[in-house]
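Chemist: I need the structure of the sequence given here:
(2 chains)
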Protein chains: 2
Amino acid sequence: MSNYEDLILYFEDQLDKIQYNNRPIELYDPIKYTLGFGGKRIRPVTTLMGCELFSSNYKKALPQAIAIELFHNFTLIHDDIMDDAPIRRGKETVFKKWNSNIAILSGDTLFALAYQYAQQADNVILKDILSVFNQTAIEVCEGQQFDLNYETKDSVSVDEYINMIRLKTGVLFGASLKIGALIGGASTSDADLLYDFGVNIGLGFQLKDDLLDTFGNEIVFGKKNGGDIVSNKKTYLYIKALESAIDSDRNILLKHYKSSELQSDSKIKLIKDMFIKLKVDIAASEVIDGFFNLGIESLDKINLPSKRKIQLMEVAVKMIDRNK
Amino acid sequence: MSNYEDLILYFEDQLDKIQYNNRPIELYDPIKYTLGFGGKRIRPVTTLMGCELFSSNYKKALPQAIAIELFHNFTLIHDDIMDDAPIRRGKETVFKKWNSNIAILSGDTLFALAYQYAQQADNVILKDILSVFNQTAIEVCEGQQFDLNYETKDSVSVDEYINMIRLKTGVLFGASLKIGALIGGASTSDADLLYDFGVNIGLGFQLKDDLLDTFGNEIVFGKKNGGDIVSNKKTYLYIKALESAIDSDRNILLKHYKSSELQSDSKIKLIKDMFIKLKVDIAASEVIDGFFNLGIESLDKINLPSKRKIQLMEVAVKMIDRNK
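Modeler: Modelled structure (predicted):
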């Protein structure tokens, strides 16, 4: 099996080689800019790994790996408009650097380009691959809409939150792996198991993000704790805290989470203390472990020698058992 | 061959039967709303006609006809945000009725849904169909970007303008017909000829829009002349006028087209008179006829008895030789 870091280098190199149309530059400059940001490239690399699990040649999944990465970047460009986010990966977002019309349209173009790569598969498996891709694209949009809805919705349940991040984040990890597996010649049942692995690890990955934002080691994580708290984000921690708290604690949370009465540092301290009192940091870790275990169970069931699965296991650990 | 009006009724009926996911309603309500607007449904109907040209059963092109209509409506939802257009087909646009985030995301979902229908074709022709679909999607985005660019660009040539409307409008007509033809079993060369027919008729259709907006019979056309003039739109007429005019006339055009100094009615009269003086109405009619003839030439070359082509000829006449 190929080394994870080697696969990243291979993918980066191939992504760099894409030739875009030159005109109109207002469409293609933002696309090149966004793809040049870097990013972890986890998704496309798992597509290559999903393929290599069942085939000696991971390179035949390259077009689909590119499709996944283009699709992911399309969602980032559009999400940043909707979230009014000025910065991504330390750089100005497309709609800030150019404008929102250009961000809408270069995003649309990137989406179409993603399909141009997705369709580069053998005719016999093309429809299966596109079905996964389409279904995922629709679900990611649904997830983003639920996310926008929950910003203003008074009460969001833990189940609703988990379903939202499943759609917004989980299914794309599942699809990345499943599409790679299908290209590699996996049976439908093995491909589905790999999909379940990806979705669950994706859920754990996102929940870990929530946890690190509030409780991460600030030096290792690279940013101050409490960004989500300051921006009143309805994370797993906050939703679970509201569900677990007795009335008096719930009222404190409700009063201070949305309000800008307190200074940032005081607000972060008050909310973090409440989270610890309500043990939602522990609850989050348990839920993350639960998703990790569910993912590994699916991976275990795949009809291949355990040895072949070690590398994906390592990716799962890297995604979930991380400090940054 | 089936009757044009019958095909519209069949298509409307089938489009009505689409079952969308129910949640989140913020995504699916705008989609149902937009598709419920009506519209002429020319594009999907030509997909059915393109199929019936080569096959006894136009119904097998229904998924692709739906794909074309969904794609077209996706572009309308996003274009209306970019153009800040409050009204379409007499109703509030999605971004006005809801908001621009919902318009972005329901548009994205519609784009993904379009692919879900496009891919419902036999494996042997699937890749050819998707190639046309992808290429067209990218070109339509490019056309829209050129259109946005030209709003603020000082000088736009007739060639640039024609290329822009070819991308923004022409290629989707071409693709609608070509995809239908491929589903119907046409040879590549016949499908390409039908594409050329569609692109040229689409160009004529769009230029006719420009002409009617300024010179149409107001009672028949259903709106007052000069909408494009009042909103300073760089139409064929304006661009051609600038190209044809001697300096003094060009200066009058440049001075008054962009300015809001004159009252609307006076501005319309002044510009219309100048257009007539410069004979750009006649030039436009000639260019429209030229595209019509190019389209018909391509249709003529298709390897089928002339009798089978009469109906498409009638569609071309309906699209171009119209007063409204």
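
Chemist: alpha carbons only for contacts and neighbour counts from here, please
Modeler: Noted.

Chemist: mind checking how far the residue nearest to A:L207 when sequence neighbours are not counted is from chain B?
Modeler: Spatial nearest neighbour of A:L207, chain neighbours left out: A:I288 (6.5 Å); criterion: Cα to Cα, 6 or more residues apart in numbering or on different chains. Per Cα to the nearest Cα, to the nearest Å, A:I288 is found 26 Å from chain B.

Chemist: Pull out the buried positions in the host helix or strand of A:I288.
Modeler: Element membership for A:I288, per DSSP states H and E: helix A:280-301. Judged by neighbour count (16 or more other Cα atoms under 10 Å in any protein chain shown), helix A:280-301 contains these buried residues: A:280-281, A:284, A:287-289, A:291-296, A:298-300.

Chemist: Over to stretch A:60-78?
Modeler: In stretch A:60-78, counting by 16+ other Cα under 10 Å, buried: A:60-78.

Chemist: With stretch A:265-275 instead?
Modeler: Under 16+ other Cα under 10 Å, the buried positions of stretch A:265-275 are A:K267, A:I268, A:L270, A:I271, A:K272, A:M274, A:F275.

Chemist: Can you name the residues that contact the last one?
Modeler: For A:F275, the set of contacting residues under the criterion of Cα atoms under 8 Å, 6 or more residues apart in numbering or on different chains consists of A:L237, A:Y238, A:A241, A:D281.

Chemist: For the residues you listed, give me TSV that also has distance to chain B and secondary structure.
Modeler: Output for the contacts of A:F275, formatted as TSV (distance: Cα to the nearest Cα, whole Å; DSSP: H, G, I helix; E, B strand; the rest coil):
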residue	distance to chain B	secondary structure
A:L237	24	helix
A:Y238	23	helix
A:A241	25	helix
A:D281	30	helix
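
Chemist: so what secondary structure elements neighbour the helix holding A:I288?
Modeler: Helix A:280-301 sits against helix A:188-215, helix A:236-244, helix A:306-320, with contacts defined as 3 or more Cα pairs under 8 Å, 6 or more residues apart in numbering or on different chains; DSSP states H and E.

Chemist: so what's the backbone phi/psi at the closest residue to A:N123 other than its chain neighbours?
Modeler: The spatially closest residue to A:N123, leaving aside those adjacent along the chain, is B:N123, at 5.8 Å (Cα to Cα, 6+ apart). Dihedral angles of B:N123 (phi, psi; degrees, to the nearest 10) stand at phi -50, psi -40.

Chemist: For B:N123, give me its contacts.
Modeler: A:N123, A:V124, A:L126, A:K127.

Chemist: Same check on A:L167?
Modeler: Counting by Cα under 8 Å, 6+ apart, A:L167 touches A:E139, A:V140, A:E142, A:G143, A:Q144.

Chemist: of these, list those near chain B.
Modeler: A:E142 (Cα under 8 Å from any Cα of the partner chain).

Chemist: what residues does chain A put near chain B?
Modeler: So chain A meets chain B at A:23-24, A:26-27, A:78, A:81-82, A:101-102, A:104-106, A:108-109, A:112-113, A:115-116, A:119, A:123-124, A:126-127, A:130-131, A:134-135, A:137-138, A:141-142, A:145-146 (Cα under 8 Å from any Cα).

Chemist: Recalculate using a threshold of 7 Å.
Modeler: Residues of chain A found near chain B (Cα under 7 Å from any Cα of the partner chain) are A:24, A:82, A:101, A:105, A:109, A:112, A:115-116, A:119, A:123-124, A:127, A:134, A:137-138, A:141-142, A:145-146.
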